[in-house]
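Asks: turn this into a structure:
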Amino acid sequence: MKVRKKPIVVDAFHLTAASRSDTQEWPDWMHHAWQMPPSDPGALFCQVGVSNGPLFITTLEGTMRVEIGDWILRSIRGELYPVKPLIFDETYEQVL
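Replies: Below you'll find the model as predicted:
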């Protein structure tokens, strides 16, 4: 059997060095995730004492590291997850 993934629209944000240090560019859903306790699924956080270090996202599958250049996506159920640039480019296209 072959199957095709259903087309769905999700929110996406490209984490650059500039957007990592200046959070004014972050969408509201990322600011909300930043305010959550790190143990909660959907939380976005950095290591304690490392203000400009890598970000982490708590997912249902565990904690995932977000590097500069990665995309942060929010699923239709609100879960955040990181996607590497190559996978993002091969999998997603912008919609209007």
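
Asks: buried residues in the helix or strand of the chain at the bottom of the mean pLDDT ranking?
Replies: Ranking every helix and strand in the chain by mean pLDDT, DSSP states H and E puts helix 17-21 at the bottom, with a mean of 90. Residues Ser19, Arg20 are the ones in helix 17-21 that count as buried (16 or more other C-beta atoms under 10 Å). For every residue, glycine as well, the C-beta is placed using N, CA and C.

Asks: distance of Thr59 from Gln35?
Replies: Noted for Thr59: a distance of 17 Å to Gln35, by C-beta to C-beta, to the nearest Å.

Asks: can you tell me the SS state at Trp29?
Replies: For Trp29, the reduced secondary structure class is helix; criterion used: DSSP: H, G, I helix; E, B strand; the rest coil.

Asks: please report how far the one residue sitting closest to the centre of the chain lies from Met1.
Replies: Relative to the mean C-alpha position of the chain, the nearest C-alpha, by C-alpha atoms, centre = their mean, is the one of Ile72, at 2.2 Å. Taking C-beta to C-beta as the criterion, Ile72 is separated from Met1 by 32 Å.

Asks: ok, Gln47 next?
Replies: To Met1, Gln47 is 43 Å away according to C-beta to C-beta.
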